[in-house]
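In: attaching a predicted model along with its sequence, questions to come.
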Amino acid sequence: MSEMVQMVMMPQSEIDALKKGQEEIKALVLNFNLQALRNQWVESEVARKQVGVCSRTWQAMRDKRVIPFSQYGRKIYFRQGDIDDFMESNLISAK
């Protein structure tokens, strides 16, 4: 079975408005996905590996509250955005 092809004509201004709306929707979805990722909780060991420090240094960082975390019982979680912020704040730029 073959599909019928239809041609629709519309003013260029309407086509441009549709394209602009599509780009705005893409930007909103991307921003939403980035925010969801930043709000995601990761276990302590995953966060430690992202920062790239040994277990003792990681414990010292937690003791000093260098990065905010949440603890329930013996489980410790870090928000991905807080880890990213920490790494960004310690970024050393090239000259």
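Out: Cool, got the structure. Computed from a predicted model, the values in this text were never measured in an experiment.
In: for the longest strand anywhere in the chain, which strands pair with it and how are they oriented?
Out: In the chain, with assignment by DSSP state E, the single longest strand is strand 75-79. Sheet pairing here is set by DSSP bridges, and for strand 75-79 it gives strand 41-43 (antiparallel), strand 70-72 (antiparallel).
In: packed most tightly, which of those strands would that be?
Out: With neighbours defined as mean count of other C-beta atoms under 10 Å, these peak in mean count at strand 41-43, which reaches a mean of 13. Glycine gets a C-beta too; all of them are placed from N, C-alpha and C.
In: contacts for it?
Out: Residues from elsewhere that reach strand 41-43 (C-beta atoms under 8 Å, 6 or more residues apart in numbering): 50, 70, 75, 76, 77, 78, 79, 80, 83.
In: quick check: residue 38 vs residue 66, distance?
Out: 18 Å (C-beta to C-beta, to the nearest Å).
In: please apply the same query to residue 43.
Out: For residue 43, the distance to residue 66 equals 17 Å [C-beta to C-beta].
In: same question, residue 42
Out: Per C-beta to C-beta, residue 42 is found 16 Å from residue 66.
In: okay, and residue 19 sits in which element?
Out: Residue 19 belongs to helix 12-38 when elements are defined using DSSP states H and E.
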